[in-house]
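S.K.: sequence plus predicted model, see below.
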Amino acid sequence: MARRITIDPITRIEGHLRIDCDVEGGRVGKAWSSGQMWRGVELILLGRDPRDAWAITQRICGVCTTVHAIASVRAVENALQMEVPVNAQYIRNLIILAHAVHDHIVHFYHLSALDWVDVTSALKADPDATSKLGESLSSWHRNGKMEMRAVKDRLAGFVGGGQLGIFTNGYWGHPAMKLPPEVNLLAVSHYLQALEIQRKANKIVSILGSKTPHIQNLAVGGVSNALSTDSPSVLGVERLMAIKGWIDELADFVKNVYLVDVAAIGAFYADWTQYGAGVTNYLSVPDIPLDSKGTKFALPGGYIANKDLASYKPITTFNDAFWAKGVEESAKHAWYEGSQPLHPYKGETKPQYGDFKDDGKYSWLKSPTFYGKPAQVGPLARVLCMLAAGHEPTKKYATAALDLVSAIAKTKVGLEAMHSTIGRHAARAVSCAVQVDMLADQWTMLVNNIGKGDVATFNKPVFPKGEVSGVGYHEAPRGALSHWVVIDDGKIKNYQCVVPSTWNACPRNDKDEPGPYEASLVGNPVADAELPLEVLRTIHSFDPCIACAIHLTDTENGNAVAVQAL
């Protein structure tokens, strides 16, 4: 007989997510993904000036702030068919890429690695042997004996003091944990180093965007950064050289630590290439525009049906009809009025809360589909689409990662293994390596263009009479993000955000097909229903951000928060 387990809330994610599973015979038979917050940002935007939308939408989330700002200005620019100066594209691209590198590092080390790494086991490790292991895998300069000894001593201090501090409440000693002590100690040391290195990416975003989270430099039509080669008060040589130094430090860590760690852990947990595939229709969008019109991109995107890379169909421009016509959202199993799928331009946000019903409505997330089918978005979709498109940098890092996994596991591991829980982690690391190289490329393009005397960063938008509509997409760290806006006489008439965690964490659609989270859990092993670590492994591999997919309301008292302007 199946046993129902409920994990509410899922931790080490952003937002409030509930997962229900029916477990029988040590396996998940059926699953439900339920977002436990309501998003009302679309309603807040109605009647407002479209030029203000980016500043409001990036408040959807305190983690994914930059991505919503980018998608929003692109949506309005698309509605107006605007061109954006290439300097503005380069600056936006630098912010996008630095944010993505930061997000990937934090996700693996600080949000999901502890599903695989047994921190207390690291106390049994030989630090010198750990150092030797680390040095055999890469040239990272902080794998030395003194570093490993210091980390073990620091960890012993946590345990000896009666608390584990930041490592409290892990499933230490769980039967699904199987890394050797030395691998665990190496991973813990890199966890702590990652806390330092992720700051470098945030500094890049802060310099270019004026602050982070919630950048301040965007505008419909470009950016507000002033450029100069000889003034210290604007974005000039001194700041750009500081940014280049941080890019180099990030590249060293990503290639010699992050990519290697993911490959090593993947080799030890090779059995997890058999779990978590779920929905294998993959959707990504192109990004890092290289021209003013959004017709040429450094990173390709598109759609793959049923994991067949030969079925790849590209999305090529900001005006691509294949993309714009394919997206719909259903509220059949979501706490909103209506149940028929609607295109985002016609989308409605009318809350209708009720009880959790297995076969009825059970989530605040709608269910997006692409031409009527559920789709998985995120780094795995991104990497597979780039491979299908013949993107050489992606091919290089994907091949290197799979070769390293094969060498450590002492068996050939091919691309098929990517359709899995552990494969999503591998894809994220590959994506990060590609993006950190692209970060350096965009820096060079910006510097060279300024050197030619081009310092333009903004084109003024002009709003026509009558109704226009536009979609802005962005391949965010968690996957394909899109903002859809309808503008009437210069004011917002409708606004819908279709975000990565809506695609992945959605409930069943209008055809009762499960979403990616739900489908990926089916067949997962569960060794101990009281300690469902395996469920967390698969859910964390998507990097959930539920605040992006939904937002908060107070049904008892009305407004959840009141802010007084002083």
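M.R.: Now that the structure is in, tell me what you want to look at.

S.K.: buried ones in the longest helix along the chain?
M.R.: For the chain, the helix with the greatest residue count under DSSP state H is helix 421-451. In terms of neighbour count (16 or more other Cβ atoms under 10 Å), helix 421-451 has its buried residues at 421-443, 445-447, 449-450. All C-beta atoms are positioned from the backbone trio N, CA, C, and that covers glycine.

S.K.: can you list the helices and strands that it packs against?
M.R.: Judged by 3 or more Cβ pairs under 8 Å, 6 or more residues apart in numbering; DSSP states H and E, the packing partners of helix 421-451 are helix 86-106, helix 237-253, helix 259-268, strand 297-299, helix 379-388, helix 392-409.

S.K.: and the shortest one, which strands flank it?
M.R.: Looking at strand 297-299 with DSSP bridges, its paired strands and their directions are strand 287-289 (antiparallel).

S.K.: please enumerate residues in contact with the partner strand?
M.R.: Residues from elsewhere that reach strand 287-289, judged by Cβ atoms under 8 Å, 6 or more residues apart in numbering: 84, 89, 93, 96-97, 296-299, 301, 318, 438, 442, 474-475.

S.K.: give me the neighbour count for Ser72.
M.R.: 29 (other Cβ atoms under 10 Å).

S.K.: can you give me the pLDDT of it?
M.R.: Ser72 is assigned a predicted lDDT (pLDDT) of 97.

S.K.: run a quick check on it versus Thr57, I expect a contact.
M.R.: Yes: contact criterion Cβ atoms under 8 Å: Ser72 and Thr57 qualify, at 4.7 Å.

S.K.: relative to helix 237-253, how tilted is the longest helix of the chain?
M.R.: Following axes from the mean of the first three to the mean of the last three Cα atoms, to 10 degrees, one obtains 160 degrees for the angle between helix 421-451 and helix 237-253.

S.K.: and the next element down the chain from helix 421-451?
M.R.: strand 467-476 (DSSP states H and E).

S.K.: report the angle between the following helix or strand past that following strand and helix 379-388.
M.R.: Proceeding N to C from strand 467-476, the next assigned helix or strand is strand 479-488, under DSSP H and E. Computed by the same axes, to 10 degrees, the angle separating strand 479-488 from helix 379-388 equals 90 degrees.

S.K.: burial count for the nearest residue to Ala440 once chain neighbours are set aside?
M.R.: Closest residue to Ala440 apart from its sequence neighbours, by Cβ to Cβ, 6 or more residues apart in numbering: Ile247 at 5.3 Å. Neighbourhood size, Ile247 [other Cβ under 10 Å]: 24.

S.K.: what of Leu114?
M.R.: Using other Cβ under 10 Å, Leu114 has 24 other residues around it.

S.K.: for it, what are its contacts?
M.R.: Residues in contact with Leu114 (Cβ under 8 Å, 6+ apart) are Arg12, Phe167, Gly170.

S.K.: helix, strand, or coil at it?
M.R.: helix (DSSP: H, G, I helix; E, B strand; the rest coil).

S.K.: please tell me how far it sits from Tyr191.
M.R.: Distance, Leu114 to Tyr191, using Cβ to Cβ, to the nearest Å: 8 Å.

S.K.: for the helices and strands packed on helix 421-451, give me TSV that also has distance to Ile487 and mean pLDDT.
M.R.: As requested, the helices and strands packed on helix 421-451 are arranged in TSV below (distance: least, Cβ to Cβ, whole Å; pLDDT from 0 to 100):
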stretch	distance to Ile487	mean pLDDT
helix 86-106	21	98
helix 237-253	35	96
helix 259-268	43	96
strand 297-299	25	98
helix 379-388	30	98
helix 392-409	36	96
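
S.K.: fine by me, thanks again.
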